[in-house]
Every structure is written in structure tokens, then in C-alpha cells.
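>>> dropping a prediction and its sequence here:
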Amino acid sequence: MSESESTRKDFPDWENLYKSQSVETMPWYNERFDSDLERELDQRKIIANGKKFLTLVQVLQLKLYG
């Protein structure tokens, strides 16, 4: 077995993981933006300008619903 085949088997099946588990229960979930991202959004007035910005969590949730 090659090293790349061995490495691939160590990764979870992301599709099934996100289908079987709530995103909020995953260790990397954060309800708020990271502080550096929040600061940048505020400085650029991205939210205030009416532009839409999706978090990775929101994108993943949309993907689950097709």
C-alpha cells in the first residue's frame, strides 16, 4: 500500500460526517467570527454596506440542504 493510500484512509468521510452530525457539535465550530475576521469586516464596513457574507458553517449548512 502506498503512503498516499494509507493517508487517505486516515481521513474521515466528510460527506457522511456532516450528514450524521450537527455542525454545532464539531470541535471547530464557532458561533461567532474569529476576532481578526470580525475586526476586518468592521473596518471594511462589509456588513454596514449591505453586502452579504457567509461563514463556512453557513455554506456547509446550505450544501447539506442541496
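Received, thanks.
>>> switch to C-alpha atoms for all contacts and neighbour counts from now on
Will do.
>>> mind listing what Thr55 touches?
Phe33 (Cα atoms under 8 Å, 6 or more residues apart in numbering).
>>> what about it, distance to Asp34?
Note on Thr55: its distance to Asp34, by Cα to Cα, to the nearest Å, is 10 Å.
>>> mind jotting down where the helices sit in this protein?
3-10, 14-20, 35-44, 56-64 (DSSP state H).
>>> got CSV for these, with mean pLDDT too?
Output for the helices of the chain, formatted as CSV (pLDDT from 0 to 100):
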stretch, mean pLDDT
helix 3-10, 58
helix 14-20, 90
helix 35-44, 80
helix 56-64, 76
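>>> want to throw the ones you listed into JSON lines with mean neighbour count and distance to Met26?
JSON lines is the format used below for the helices of the chain (neighbours: other Cα atoms under 10 Å; distance: least, Cα to Cα, whole Å):
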{"stretch": "helix 3-10", "mean neighbour count": "9", "distance to Met26": "18"}
{"stretch": "helix 14-20", "mean neighbour count": "11", "distance to Met26": "9"}
{"stretch": "helix 35-44", "mean neighbour count": "11", "distance to Met26": "19"}
{"stretch": "helix 56-64", "mean neighbour count": "12", "distance to Met26": "11"}
